[in-house]
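Q: can't give you the sequence, but here's the structure:
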C-alpha cells in the first residue's frame, strides 16, 4: 500500500496533480474538498460542526483504505507549517498508514502567487470545488492566508523519508505527476 500526501498552498495544483497522478498509477485520489464540499451542504467548514464532520469522514475513509487491498491513495492537504496541530495531523495520518504496512510519500508543491491567483479561477478547480466559485471571496481568502499561515516548508524542515518539493509555477500537472511517479517509483 502506498499513501501519497500532496501538500501546498491554495490553488497550487494539489488536486489537479493528484488527478493526473491517479491516471498514471493505480492509486485512488481523495482530494481534501471531497469531504469539505459534502459537509458544506449542512455546515460551513469553518464551524465546529463542519470541521468535526470533515475530520470524521476523512478518518473513517483513511481507516478503511489503510486496511484494504487497494494499491493506495493520494490525499491532498493544505498544511500550515506554523501550526503544531497540522504537524500532529500529518503525523497521525502517517502513523495510521505506516502501522498497516503502507509506505508514505510526501509531495510539497509551491508556485508563485500570481500563478496561484490564475489557477484559482480554473474550470477544473471550480468544477470540483463549488465552495470556490465565488472568485472574489476565494482570491481574498487565498491572499489573506499568507498573513496568518506558512503554507510551504522551510529548507530542511521536512525530515520525512520519501519527500520531494516541486516548484510547479511553470510546470503542467501532467509533468509534475510524471516527476512524482518517477521519483517514488509509483
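A: Great, that's in hand. All figures in this text were calculated on a predicted structure; none of them were measured in a lab.
Q: In stretch 34-42, which residues are buried?
A: Neighbour counts over stretch 34-42 (16 or more other Cβ atoms under 10 Å) mark 34, 35, 36, 37, 39, 40 as buried. Every residue, glycine included, has its C-beta placed from N, CA and C.
Q: ok, of those, which one's closest to residue 89?
A: Of all the buried residues of stretch 34-42, residue 89 sits closest to residue 35, with 13.6 Å by Cβ to Cβ.
Q: quick one, helices of this structure?
A: With DSSP state H as the criterion, the chain has helices at 14-24, 33-40, 48-66, 84-99, 113-119, 123-128, 135-148, 173-184.
Q: these two touch, right, residue 111 and residue 165?
A: No: taking contacts as Cβ atoms under 8 Å, residue 111 lies outside contact range of residue 165: 11.6 Å.
Q: Run a quick neighbour tally on residue 45.
A: 17 (other Cβ atoms under 10 Å).
Q: what separates the spatially closest residue to residue 112 that is not a sequence neighbour from residue 37, distance-wise?
A: Spatial nearest neighbour of residue 112, chain neighbours left out: residue 169 (4.7 Å); criterion: Cβ to Cβ, 6 or more residues apart in numbering. Distance of residue 169 to residue 37, given as Cβ to Cβ, to the nearest Å: 27 Å.
Q: What residues does residue 50 make contact with?
A: 39, 40, 42, 43, 44 (Cβ atoms under 8 Å, 6 or more residues apart in numbering).
Q: Now pLDDT too, for those, in JSON lines please.
A: JSON lines is the format used below for those (pLDDT from 0 to 100):
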{"residue": "39", "pLDDT": "91"}
{"residue": "40", "pLDDT": "89"}
{"residue": "42", "pLDDT": "92"}
{"residue": "43", "pLDDT": "91"}
{"residue": "44", "pLDDT": "86"}
